[in-house]
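# what shape does this take:
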Amino acid sequence: MVHTSFLFPSRALHPRQGLVNVKSNAPVIALEGVGKQFGGTFVIRDVNLGLRPGEILALVGENGAGKSTIVRTLSGEHQPDEGRVLLDGVPVVFAGPQQSAAAGIQVVHQEPTLFPDLSVAENIFIGRQPRRGVLGTDWGRMYRETTEIMNGLLHYTLDPHVKVATLSIAERQIVEIIKALSTNARVLILDEPTAALSSAEVEDLFQVVHRLRSRGVAILFIGHRLDEIQEHADRLAVLRDGRLVASAAPRELTRTQLIQHMVGRDLGDLFPKLDANPGETVLEVEGLDRGTALRNVSFSVRSGEIVGLAGLVGAGRTEVARAIFGIDPVDSGTVRIGGVIFSRRSPRRAIRRGLALVPEDRQGQALVLDWPVTHNLSLAVLAALSRLGLITSRKEKALGIDLIERNAIKVAHPEVATSTLSGGNQQKLVFGKWLATAPRLLLLDEPTRGVDIQTKTEIHRQISELAAEGLAVLLISSELPEILGMSDRILVMREGAITAEFSRADATQEAVMTAATAPNQSRIQGRSNGNPHD
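The predicted model follows:
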């Protein structure tokens with residue numbers, strides 16, 4: 001039986017309806033000696049973890065360390081093979097996520113799980129729509145309450161009538177968060193919620209998180225951005241190889257010590273950037289316009305150069321990459337590859353011209369999750385593996401094994417389903433797929449989103465080495481440390497236009513953020529002090 005003495009009614013949580021401010025050291029929910037195994041192998045073992053009211057607990061660890069298994073055990077998706085789950089100190093067995101949600105435990109997963117053909121409001125109130133007598137759903141109230149929740153809790157404006165299918169990844173993540181916050185949750189579990197958000201949106205989110213903490217909500221935060229974790233968490237728990245290896249207040253661990261706990265060794269520099277030696281111009285973009293999404297965008301990228309494209313989510317960075325690759329049409333402007341105009345652009349022609357695009361949504365836009373790893377690795381080079389229109393399986397398998405080794409993809413067997421890989425290994429697979437085409441220009445849109453520290457370092461090293469070998473790289477990222485650490489030159493976008501350009505030496509976080517948020521003006525060239533307004 002589920003212990004239900006503290007269940008909250010299923011009604012919308014508005015800013016004026018604060019929860020009871022609980023101050024207690026007793027955990028709301030806890031794992032006691034919990035172990036979980038799959039196929040005879042323990043994924044987590046002897047885990048003791050409690051979430052206290054009014055506390056932000058950050059759970060960190062590499063991909064594959066067992067974090068997702070802990071989340072699924074807390075939410076009732078998995079049942080422990082050892083130990084037990086306690087709710088308010090009483091042993092409990094949740095038959096599934098629906099029961100745990102009824103007990104006030106809400107989970108926001110890394111990958112949005114929304115209904116794309118329904119509106120924002122319909123997704124938020126799915127299964128609990130406000131009713132108006134025998135007339136059915138009270139649509140006006142549902143849209144009104146959605147707006148009130150967004151404005152009151154997230155200070156975020158989003159049309160509640162629009163379909164989720166039209167939203168960006170960041171906007172879908174925000175809808176997931178709003179959905180969780182729309183109920184009176186006692187426990188809020190955030191699984192990598194900031195991976196697709198800009199710095200400004202991250203700050204807005206953490207304002208909400210701190211507000212909920214002050215109301216007594218217990219918050220479990222899972223993430224890979226260590227700066228965010230150390231700034232906002234009250235307590236850190238480090239998971240490695242399925243076991244908790246450290247628990248401390250953020251101020252008690254340096255960044256280096258935290259990483260060492262996570263990986264079991266000194267990882268080295270997170271941004272292993274090699275010196276650039278730019279050559280000929282590979283990409284020239286001139287005057288790209290597309291409604292309000294792109295406005296007179298012009299820049300270039302040379303071989304051996306990493307150009308960072310910074311800006312808030314919605315600034316137009318992804319739209320630039322999609323336009324160059326031929327996914328989206330433009331109203332005007334030209335793209336040149338190696339000095340030759342790239343007209344009638346399409347993804348097929350882009351690949352032939354030596355372009356490769358690693359999109360921000362690897363699961364939705366880059367991989368076929370139900371297919372084997374080898375099939376995904378060969379997707380971009382099927383013509384080279386075919387004879388008389390039929391794929392030569394021997395060649396495909398050989399290519400797959402080679403790319404798995406070259407990209408250090410951790411996989412039990414080349415033929416396993418891609419869905420079984422961790423997020424980091426899925427991202428390595430996307431890189432491997434495109435490197436099989438021997439590209440001359442890499443368009444990287446959030447290439448380290450949602451991957452662990454070790455994988456992030458490996459990807460950074462790979463990007464730097466590819467640039468040193470002569471590839472031109474356009475790096476789009478919402479993480480300013482990544483942009484500053486990996487770029488030879490930085491372009492900043494706001495509202496579809498490029499507002500500033502900085503050399504590696506001139507760029508600072510403050511200067512880039514100022515250019516990303518200041519009113520549009522002529523492009524600003526960074527000077528030696530990094531101040532875009534000098």
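# residue ranges for the strands of the stretch 51-200 of the chain, please.
Taking DSSP state E, counting those that start in this stretch as the criterion, the stretch 51-200 of the chain contains strands spanning 56-60, 82-87, 90-92, 105-108, 187-191.
# strands paired with the second one, and their directions?
Just to be clear, that refers to strand 82-87. Strand pairing for strand 82-87, determined by DSSP bridges: strand 29-38 (antiparallel), strand 90-92 (antiparallel).
# now the angle between strand 187-191 and that strand, please.
Computed by axes from the mean of the first three to the mean of the last three CA atoms, to 10 degrees, the angle separating strand 82-87 from strand 187-191 equals 120 degrees.
# tell me the buried residues in strand 82-87?
83, 85-87 (16 or more other CB atoms under 10 Å). In short, each C-beta sits where N, CA and C put it, glycine included.
# same question, the shortest one
In terms of neighbour count (16+ other CB under 10 Å), strand 90-92 has its buried residues at Val92.
# that one: how far from the chain's middle?
34 Å (CA atoms, centre = their mean, to the nearest Å).
# would you mind checking the average pLDDT for it?
Strand 90-92 carries an average pLDDT of 95.
# for the second one, same thing?
For strand 82-87, mean pLDDT rounds to 95.
# what's next to it, contact-wise?
2-3, 6, 27-36, 45-47, 73-74, 91-94, 103 (CB atoms under 8 Å, 6 or more residues apart in numbering).
# swap the cut-off to 10 Å and go again
The set of residues external to strand 82-87 that reach it, using CB atoms under 10 Å, 6 or more residues apart in numbering, is 2-6, 26-37, 42, 44-48, 50, 73-74, 76, 79, 91-94, 100, 103-105, 186-187.
# among the residues you listed, which ones are buried?
Applying 16+ other CB under 10 Å to the contacts of strand 82-87 flags 3, 27-32, 34-36, 42, 44-45, 47, 50, 73-74, 76, 92, 94, 100, 103-105, 186-187 as buried.
# where in this structure is pLDDT low?
1-24, 63, 111, 153-155, 169, 195-196, 198-199, 265-268, 518-534 (pLDDT under 70).
# which segments of it make up each domain?
27-104+186-266, 113-183, 281-354+439-525 (automatic domain parsing).
# so how far is the last one from its chain's centroid?
Right, the one you point to is domain 281-354+439-525. Using CA atoms, centre = their mean, the offset of domain 281-354+439-525 from its chain centre is 18 Å.
# same check on the shortest one?
Domain 113-183 has its C-alpha centroid displaced from the chain centroid by 21 Å (CA atoms, centre = their mean).
# what number of residues lie near Ala293?
21 (other CB atoms under 10 Å).
# helix, strand or coil for the nearest residue to it once chain neighbours are set aside?
Spatial nearest neighbour of Ala293, excluding adjacent residues (CB to CB, 6 or more residues apart in numbering): Glu319 at 4.7 Å. Classification of Glu319 by DSSP: H, G, I helix; E, B strand; the rest coil places it in helix.
# show the contacting residues for Ala436.
With CB under 10 Å, 6+ apart, Ala436 has these contacts: 356, 377-381, 384-385, 399-400, 402-403, 406-407.
# restricted to strands, list those residues.
Among the contacts of Ala436, the members found in strands (DSSP state E) are Ala356.
# please pick the buried ones from the contacts of Ala436.
356, 377-378, 380-381, 385, 399-400, 403, 407.
# with these in mind, which one is nearest to Glu192?
Asn407 (22.0 Å; CB to CB).
# ok, the closest one to Leu399 distance?
12 Å (CB to CB, to the nearest Å).
# overlap in contacts, those two.
377, 432, 436.
# looks like the second one contacts Gly400 (just checking).
Think Gly432. Yes: between Gly432 and Gly400 there is a contact under CB atoms under 10 Å: 8.7 Å.
# overlap in contacts, these two.
373, 376-377, 409.
# taking those, please make a ChimeraX selection of just the buried ones.
Burial among those is assessed by 16+ other CB under 10 Å; the matching ChimeraX selection reads:
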select :373,376,377,409
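# wait, which of the shared contacts of Gly432 and Gly400 is closest to Gly127?
For the shared contacts of Gly432 and Gly400, the nearest to Gly127 is Asn376 (34.3 Å; CB to CB).
# surely that closest one is in contact with Val430?
Yes: counting by CB under 10 Å, Val430 is a contact partner of Asn376 at 8.2 Å.
# for those two, list the residues in contact with both.
What both Asn376 and Val430 touch, as defined by CB under 10 Å, 6+ apart, is the set 366-367.
# now do the strands in the stretch 301-450 of the chain.
Going by DSSP E, counting those that start in this stretch, the stretch 301-450 of the chain shows strands at 306-311, 332-337, 340-341, 355-358, 386-387, 390-391, 441-445.
# contact partners for Ile404?
373-374, 377, 410-411, 413-414, 425, 428-429, 432.
# got it, and Ala248?
Contacts for Ala248 (CB under 10 Å, 6+ apart) come out as 235-238, 257-258, 261.
# roughly how far does it sit from Asn123?
Taken as CB to CB, the span from Ala248 to Asn123 is 38 Å.
# how near is Ala321 to Arg352?
Distance, Ala321 to Arg352, using CB to CB: 18 Å.
# looking at these two, which is more packed in?
Ala321 (22 against 11).
# so what's the more buried one closest to, chain neighbours aside?
In this structure, Ala321 finds its nearest non-sequential neighbour in Leu443, 4.5 Å apart by CB to CB, 6+ apart.
# and of the buried ones among the contacts of Ala436, the nearest to Val473?
Ala356 (10.1 Å).
# quick one: contacts for that closest one?
Residues near Ala356 by CB under 10 Å, 6+ apart: 325, 350, 380, 430-431, 433-444, 471.
# in PyMOL, how would I select the buried members of the residues you listed?
Only the buried entries of the contacts of Ala356 go into this PyMOL selection, using 16+ other CB under 10 Å:
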select buried, resi 325+350+380+430+431+433+434+435+436+439+440+441+442+443+444+471
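# next step: the contacts of Ala356 restricted to helices.
325, 350, 430-431, 433-435 (DSSP state H).
# between the contacts of Ala436, which sits nearest Ala165?
Leu379 (23.5 Å).
# that closest one reaches Gln365, doesn't it?
No: using CB under 10 Å, Leu379 is not in contact with Gln365; the gap is 11.9 Å.
# helices along the stretch 151-300 of the chain, start to end?
Taking DSSP state H, counting those that start in this stretch as the criterion, the stretch 151-300 of the chain carries its helices at 169-181, 199-214, 226-232, 255-263.
# and Ser487, which of these is closest to it?
helix 199-214 (16.0 Å).
# what angle do that closest one and strand 306-311 make?
With the same axes, to 10 degrees applied, the angle from helix 199-214 to strand 306-311 works out at 50 degrees.
# what comes up buried for helix 199-214?
199, 201-202, 204-206, 208-209, 212-213.
# next: stretch 260-276.
Neighbour-count burial for stretch 260-276, counted by 16+ other CB under 10 Å, picks out 260-263, 267, 270-273, 276.
# neighbours of Lys179, just the number please.
21.
# does it touch Val108 like I think?
Yes: counting by CB under 10 Å, Lys179 does reach Val108; the two are 7.9 Å apart.
# quick check, Gly104 in contact with Leu188.
Yes: the criterion here is CB under 10 Å, and Gly104 meets it with Leu188 at 9.4 Å.
# shared neighbours, the two?
What both Gly104 and Leu188 touch, as defined by CB under 10 Å, 6+ apart, is the set 217-218.
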